[in-house]
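K.L.:
Have a look; sequence and predicted model below, questions after that.
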Amino acid sequence: MRKYLGVFLLFFCVVTVQAQFQTVDMQSSYRPDGDPNKKEKKEIGSLRQKAKKDSVAPIIDYKIISIKNDTIAVDTALSVKKHYEFNYLRKDLFGLLQFANEGQTYNVLKYNYKSNNVLPGFGFEAKQFAYLNVEDIKYYSAPTPYTDLYYRSVMKQGQNLDAFITLNTSKNLNFFVGYKGLRSLGKYINQLSSTGNFRIGSSYQSEDKKYLMRAHFTAQDIMNKENGGIRDLDLFESSVKPYNKRERLNVYYRDVETMLKGKRLYLNHQYQLNNSFENGILLTHEFTYEDKFFEYKQGDINNQYNDKAHFGEAFKNNINNKTRYYNIFNRVGAAYQSDIVGRFEGFVDFYKYSYYYKSIAHVNGTLVPDKMEKNISMLGGRYIYHKENWKANVLMSTSLGDDKTRNVEANLDYKYSENIALKLGYQNLSRMGNLNYYLYQSDYVNYNWYNEFKNEKVNQFDASVTTPWVKLSGTYAVLDDKLYFSNDATEFDKFGIPTQVLVTPKQYGGTINYLSIQAEKDFRFGKFGLDNTFLYQKVDQKDNILNVPEFVTRNTLYFTDAFFDKALKFQTGITLSYFTKYYGNDYNPVIGDFFVQDQVKIGNYPVFDFFINMKIRTARIYLMLEHFNSSMTGYKYYSAPNNPYKDFTFRFGISWNFFS
């Protein structure tokens, strides 16, 4: 990863010098979805007349564009919403429960935090939260070089940095490059996190707007020292001296390390055959190549500090499990678009994956092969309609082989006014599960398997309505043949923690019904505000397979003001986070994933965070006292059955934007 950081620093210096000679086109900016209509031109013209002091050009000209062509302007405001996104993942963490150290995994409080993927994934989901996927990479249009710098302190001995720059060499060609790095020692034994996310990319639209291209390259590594959780929960819950110093608490392992590493090359481009931008025939192509590996390493399991029986018997004393994977994805299609009837597109997907090891295992008379390889071809079509306040999207695809993969999606958005909008969505999906359910090899005897499972099936309905009074969203899902991990051991200590963790994959034969309703509202009272998010969830199932808390809430009381002739904007407040007790999934570092358990409930503890946020020009400064009530409300806060939530911590950081 250091070589990519060197490339980034060189590129940063070059583009900074080039920025001094950059000419600014104030009247035009790159739009991937065509020229704005008359109404949009009027709105943009009005915004440009109100030139911001924060940037060289009006901020409306600095655009962030998703792979789905959703476009927003760069936002430098000081707000509670921005405060929620000031974290390691740089996104709102509502529905996620952080582990004690920065850069560790997250337990999921809200089902379907990630979208349902059609094609099988690598697996090792607990390590994937900080991994940037194709849909996480954004593209840009910037009239002058735009830089985003982020810094945040960590739990102990380290820092979290994210540096990013983008520029347009012309109104049609944009480049961007960024690197996010983290190092945090943590407060417990063997809990170091060290991660790096490098990304570089470009977007281009020809002068005649007939050709559009987006491309990026990423190189990412996520390394964690893993201690398996604390062994003496009674000492943690009492937290008497010296055990209020968390490094004094005993853990299961002191020499375990996991690593997820991957590289990806992505290209998405299209060409229009005729000269009319609004009406015509297009040829489309999307290409992805990605390779990853997940590695679990452990020193001598007979070390006196390790619990050598925790994961069962082993073939050898030094454990080294390495799972390798690559995939190639090609989508070739043609589309007809009309400004009257919308866009019709047909495509063929060619997907190949190889998931493999460098050995064949024989365990208890069963052969565990060294690889899984498959070619999946899918035929599909899409219809997109976007005009005035309406936006519709229908997609259907089905496999041409015997794997029975199919997907049907339909989405409808209607924006009645600036403050009133409606969204409806539906998905019917049949797909293979993640590949580590089917095949895994390990130096631990119990962690070797080769399975054949039926496709997972999902029927899901989503809806949301935004009004000036409240934003409501809901999901109803019916899940069949769900794949999951669970522990085969049957002995537990007095806290309900298993004496051994012998996890294997399984498929649930029953049906799971899931319902969620979420309400959001920010009340304003002069300079005071109260931002609220409430989530209610209900699961109907015969066994505890899909486990989520019934009620989750986050409430922030805050005060906003400005000083020194509004040069300094100030915001301070307190956030309460809470969720009801539930059978939270437990974490297993050997498989880099969570497993289902029904012995220990976590939750029912409040978390109070105090913050002071300030903004000077385009610099936002954050001061936070996280979980400052930890010593007041009792030490029974967990992110997983024997993995504590974070203690009281003082954090500070800065997010700074430059526009030249």
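P.N.:
In hand now; what should we look at?
K.L.:
Residue 538: what's its closest spatial neighbour, skipping adjacent residues?
P.N.:
Leaving aside its chain neighbours, residue 538 sits nearest to residue 515 (4.7 Å; criterion: Cβ to Cβ, 6 or more residues apart in numbering). C-beta coordinates here come from the backbone N, C-alpha and C atoms, glycine included.
K.L.:
Assumed that neighbour was part of a helix.
P.N.:
No: counting by DSSP: H, G, I helix; E, B strand; the rest coil, residue 515 is not part of a helix but strand.
K.L.:
Tell me how many other residues crowd it.
P.N.:
The number of residues packed near residue 515 is 15, by other Cβ atoms under 10 Å.
K.L.:
List the neighbouring strands of the helix or strand hosting residue 266 plus their orientation.
P.N.:
Assigned by DSSP states H and E, residue 266 belongs to strand 256-272. Strand pairing for strand 256-272, using DSSP bridges, gives strand 211-226 (antiparallel), strand 280-300 (antiparallel).
K.L.:
Tabulate the CA atom coordinates of the shortest one in PDB.
P.N.:
C-alpha atoms of strand 211-226 as PDB (Å, rounded to 0.1, in the frame of the first residue of the first chain):
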ATOM      1  CA  TYR A 211     -19.300   9.200 -25.800                       C
ATOM      2  CA  LEU A 212     -19.300   8.900 -22.000                       C
ATOM      3  CA  MET A 213     -16.700   7.100 -19.900                       C
ATOM      4  CA  ARG A 214     -16.100   6.500 -16.300                       C
ATOM      5  CA  ALA A 215     -13.200   4.400 -14.900                       C
ATOM      6  CA  HIS A 216     -11.400   3.800 -11.600                       C
ATOM      7  CA  PHE A 217      -8.700   1.700 -10.000                       C
ATOM      8  CA  THR A 218      -8.700   0.700  -6.300                       C
ATOM      9  CA  ALA A 219      -6.200  -1.000  -4.000                       C
ATOM     10  CA  GLN A 220      -7.300  -1.700  -0.500                       C
ATOM     11  CA  ASP A 221      -6.100  -3.600   2.600                       C
ATOM     12  CA  ILE A 222      -7.800  -4.100   5.900                       C
ATOM     13  CA  MET A 223      -5.700  -5.600   8.700                       C
ATOM     14  CA  ASN A 224      -6.900  -6.300  12.200                       C
ATOM     15  CA  LYS A 225      -5.300  -7.900  15.200                       C
ATOM     16  CA  GLU A 226      -8.000 -10.200  16.700                       C
END
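K.L.:
residues making contact with the very next helix or strand once past that strand?
P.N.:
Counting by DSSP H and E, the next helix or strand C-terminal to strand 211-226 is helix 233-238. By Cβ atoms under 8 Å, 6 or more residues apart in numbering, the residues outside helix 233-238 that reach it are 230, 243, 249, 495, 497, 634-636, 642, 644.
K.L.:
Redo the residues you listed as CSV? Include pLDDT and distance to residue 261.
P.N.:
CSV is the format used below for the contacts of helix 233-238 (pLDDT from 0 to 100; distance: Cβ to Cβ, whole Å):
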residue, pLDDT, distance to residue 261
230, 94, 28
243, 91, 36
249, 95, 30
495, 90, 35
497, 91, 31
634, 90, 40
635, 94, 36
636, 94, 36
642, 92, 28
644, 96, 28
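K.L.:
Restrict the residues you listed to the buried ones and give me that as a PyMOL selection.
P.N.:
Filtering these down to the buried ones (16 or more other Cβ atoms under 10 Å) takes a single PyMOL command:
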select buried, resi 230+243+249+497+635+642+644
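K.L.:
Go through the contacts of helix 233-238 and flag which are in strands.
P.N.:
In strands, defined here by DSSP state E, the members of those are residue 644.
K.L.:
now, the most widely separated pair of the contacts of helix 233-238?
P.N.:
Taking Cβ to Cβ as the measure, the contacts of helix 233-238 span a maximum distance of 18.8 Å, between 497 and 634.
K.L.:
Helices along the stretch 451-600 of the chain, start to end?
P.N.:
With DSSP state H, counting those that start in this stretch, there are no helices along the stretch 451-600 of the chain.
K.L.:
Flag the shaky bits of it, pLDDT-wise.
P.N.:
Low-confidence segments of the stretch 451-600 of the chain, defined by pLDDT under 70: none present.
K.L.:
Sketch out the low-pLDDT regions of the stretch 101-250 of the chain for me.
P.N.:
113-115.
K.L.:
please redo it, this time with the cut-off set to 80
P.N.:
Judged by pLDDT under 80, the stretch 101-250 of the chain has its weakly predicted residues at 112-116.
K.L.:
how about the strands in it?
P.N.:
For the stretch 101-250 of the chain, the strands defined by DSSP state E, counting those that start in this stretch cover 106-108, 139-141, 146-152, 158-170, 173-184, 193-205, 211-226.
K.L.:
from those strands, which stretch is densest packed?
P.N.:
Most buried of those by mean neighbour count (mean count of other Cβ atoms under 10 Å) is strand 139-141; its value is a mean of 23.
K.L.:
Partner strands of that strand, with direction?
P.N.:
Partner strands for strand 139-141, per DSSP bridges, with pairing direction: strand 63-65 (antiparallel).
K.L.:
Could you identify the helix or strand that succeeds the partner strand?
P.N.:
With elements assigned by DSSP H and E, the helix or strand that comes after strand 63-65 is strand 71-73.
K.L.:
Which other helices and strands does that following strand contact?
P.N.:
For strand 71-73, the packing partners by 3 or more Cβ pairs under 8 Å, 6 or more residues apart in numbering; DSSP states H and E come out as strand 63-65.
K.L.:
Please name the bridge partners of the residue nearest to residue 538.
P.N.:
The partner list for residue 515 in beta bridges (DSSP bridges) reads residue 476, residue 538.
K.L.:
what sits against it?
P.N.:
Counting by Cβ under 8 Å, 6+ apart, residue 515 has contacts 474-476, 537-539.
K.L.:
what's across from residue 216 in the sheet?
P.N.:
Note on residue 216: beta-bridge partners residue 201, residue 266, judged by DSSP bridges.
K.L.:
pretty sure it is touching residue 203, no?
P.N.:
No: counting by Cβ atoms under 8 Å, residue 216 does not reach residue 203; the two are 9.1 Å apart.
K.L.:
Pop out the phi and psi values for the most centrally placed residue in the chain.
P.N.:
Residue closest to the average C-alpha location in the chain (Cα atoms, centre = their mean): residue 129, at 4.8 Å. When read as degrees, to the nearest 10, the backbone of residue 129 gives phi -60, psi -40.
K.L.:
Name the nearest residue to it, ignoring sequence neighbours.
P.N.:
residue 106 (5.3 Å).
K.L.:
Is that neighbour bridged to anything, and to what?
P.N.:
Beta-bridge partners of residue 106, counted by DSSP bridges, are residue 98.
K.L.:
Would you agree it is in contact with residue 128?
P.N.:
No: assessed by Cβ under 8 Å, residue 106 is found out of contact with residue 128, at 10.2 Å.
K.L.:
Throw the strands of the stretch 101-250 of the chain into a markdown table and include distance to residue 552, thanks.
P.N.:
A markdown table is the format used below for the strands of the stretch 101-250 of the chain (distance: least, Cβ to Cβ, whole Å):
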| stretch | distance to residue 552 |
| --- | --- |
| strand 106-108 | 11 |
| strand 139-141 | 33 |
| strand 146-152 | 24 |
| strand 158-170 | 25 |
| strand 173-184 | 26 |
| strand 193-205 | 25 |
| strand 211-226 | 26 |
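K.L.:
Tell me which of the ones you listed approaches residue 625 most closely.
P.N.:
Evaluated with Cβ to Cβ, those place strand 146-152 nearest to residue 625, the distance being 14.3 Å.
K.L.:
What segments of the stretch 451-600 of the chain are strands?
P.N.:
Applying DSSP E, counting those that start in this stretch to the stretch 451-600 of the chain gives strands spanning 456-466, 471-480, 483-487, 503-507, 511-525, 528-540, 551-563, 568-579, 586-588, 593-595.
K.L.:
now, of those strands, which is deepest in the fold?
P.N.:
Looking across these with neighbours counted as mean count of other Cβ under 10 Å, the highest average goes to strand 586-588: a mean of 24.
K.L.:
which helices and strands does that strand pack with?
P.N.:
Partner elements for strand 586-588 (3+ Cβ pairs under 8 Å, 6+ apart): strand 593-595.
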